[in-house]
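A.B. asks: how does the following fold in three dimensions:
(one chain, ligands or ions: 1)
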Amino acid sequence: MISIFGVLFMVVFVVMFLGVFLMIFTQFWRMRGMTNKVFTLAEQEMERKLREGPAKGTEATPNSAACTHCGSRVPAQVAQCPNCGAGLQV
Ligand SMILES: [Zn+2]
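C.D. replies: Prediction:
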């Protein structure tokens with residue numbers, strides 16, 4: 001036979017469990033957002049350096065790059081070549 005205290009204890013336990021789970025989840029989410037921001041900043045810095053670097057007179061248009069796999073012209077912003085589908089390292 002289940003007493004009212006047993007039900008109460010179960011409810012409190014479930015609520016506590018959910019609270020802890022939510023806390024961990026939000027912490028994880030915040031951490032993921034931070035790492036994403038850091039990665040984006042690093043990518044922008046790398047792209048800026050590449051653009052300012054030796055490719056000054058050789059590049060006809062600054063906002064395009066050559067695919068390392070098939071050699072076709074692709075926009076610098078894309079992460080994947082639209083021609084062959086290979087991943088591009090910016
Ligand atoms: Zn390609």
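A.B. asks: distance-wise, check residue 51 relative to residue 43.
C.D. replies: As judged by CB to CB, to the nearest Å, residue 51 and residue 43 stand 12 Å apart. For the C-beta atoms, the positions are set from N, CA and C on the backbone; glycine is no exception.
A.B. asks: who has more neighbours, these two?
C.D. replies: Neighbours per residue, other CB atoms under 10 Å: of residue 51 and residue 43, the larger number sits with residue 51, 15 against 12.
A.B. asks: how far does the helix or strand where the more buried one lies sit from its chain's centre?
C.D. replies: According to DSSP states H and E, residue 51 maps onto helix 4-52. With CA atoms, centre = their mean, to the nearest Å as the basis, helix 4-52 stands 13 Å off its chain's centre.
A.B. asks: what pLDDT, on average, does that helix get?
C.D. replies: Helix 4-52 carries an average pLDDT of 88.
A.B. asks: how many neighbouring residues does residue 12 have?
C.D. replies: 10.
A.B. asks: that should have said residue 67, apologies.
C.D. replies: Neighbour number of residue 67 under other CB under 10 Å is 19.
A.B. asks: which residues touch the closest residue to it other than its chain neighbours?
C.D. replies: Nearest residue to residue 67 in three dimensions, chain neighbours excluded: residue 81, at 4.3 Å (CB to CB, 6 or more residues apart in numbering). Residue 81 makes contacts with 67, 69, 70, 72, 74, 87, 88, as judged by CB atoms under 8 Å, 6 or more residues apart in numbering.
A.B. asks: on that earlier part again, tell me the helix or strand right after the helix holding residue 51.
C.D. replies: Downstream of helix 4-52, the first helix or strand assigned by DSSP H and E is strand 64-66.
A.B. asks: check whether that next one contacts the ion.
C.D. replies: No: Strand 64-66 stays clear of the ion (CB under 5 Å from the ion), getting no nearer than 8.7 Å.
A.B. asks: and that strand, what does it pack onto?
C.D. replies: For strand 64-66, the packing partners by 3 or more CB pairs under 8 Å, 6 or more residues apart in numbering; DSSP states H and E come out as strand 73-75.
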